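S.K.: I would like to see how this sequence folds:
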Amino acid sequence: EVQLVESGGGLVQPGGSLRLSCAASGFSFSTYAMSWVRQAPGKGLEWVSGINSGGSTRGYAESVKGRFTISRDNAKNMLYLQMMSLKPEDTAVYSCARACTVIGRQIVCDSWGQGTQVTVSS
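M.R.: This next block holds a predicted model:
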């Protein structure tokens, strides 16, 4: 059974930092591209960042480029998202997801985690 379990969310002040983690199990993690997606209150799902199976290629949404860094440790079956210079508009539930395809505003992934809440507020 595929399991993706996120952790590391919380309340942080604007300008602060957080590091999200995603523990993967039940599949061959090192062979899959992985992504982080988020959903803000009252808004649709947004793709945040993705990384290929080997970790050599990364992509970011324009809204987070230069502030967020995605990484993975295939030996530990872990996915990470380092978030810096956080803004109130980054407030959302962040989920890690496997094998995502983004077509316009539509995001299709074959597995998702439950998500971790990130709240950016003073």
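S.K.: Please count neighbours and contacts with C-alpha atoms only from this point.
M.R.: Will do.
S.K.: which residues of this structure fall in helices?
M.R.: Defined through DSSP state H, the helices belonging to the chain form an empty list.
S.K.: Dump the C-alpha coordinates for stretch 52-68 into CSV.
M.R.: Below are the C-alpha coordinates for stretch 52-68, written out as CSV (Å, rounded to 0.1, in the frame of the first residue of the first chain):
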residue,chain,number,x,y,z
ASN,A,52,12.4,13.9,-10.8
SER,A,53,13.2,10.4,-9.5
GLY,A,54,17.0,11.0,-9.3
GLY,A,55,16.7,14.5,-7.8
SER,A,56,18.6,16.2,-10.7
THR,A,57,15.7,18.1,-12.1
ARG,A,58,13.4,20.4,-10.1
GLY,A,59,10.6,22.8,-11.0
TYR,A,60,8.7,25.5,-9.1
ALA,A,61,5.6,27.5,-9.4
GLU,A,62,6.3,31.1,-10.1
SER,A,63,4.7,32.0,-6.8
VAL,A,64,7.3,30.2,-4.8
LYS,A,65,10.4,30.4,-7.1
GLY,A,66,13.4,31.6,-5.3
ARG,A,67,11.9,31.0,-1.8
PHE,A,68,11.1,27.3,-1.8
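S.K.: For it, buried residues please.
M.R.: Buried positions in stretch 52-68, judged by neighbour count with 16 or more other C-alpha atoms under 10 Å: N52, S53, G55, Y60, V64, F68.
S.K.: Strands of the protein, start to end?
M.R.: With DSSP state E, the ranges of strands along the chain come out as 3-7, 10-12, 18-25, 34-39, 45-51, 58-60, 68-73, 78-83, 92-98, 101-103, 106-108, 111-112, 116-120.
S.K.: Next, format the buried residues of stretch 52-68 as JSON lines and append distance to R19.
M.R.: Shown next, in JSON lines, are these (distance: C-alpha to C-alpha, whole Å):
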{"residue": "N52", "distance to R19": "19"}
{"residue": "S53", "distance to R19": "20"}
{"residue": "G55", "distance to R19": "17"}
{"residue": "Y60", "distance to R19": "16"}
{"residue": "V64", "distance to R19": "14"}
{"residue": "F68", "distance to R19": "9"}
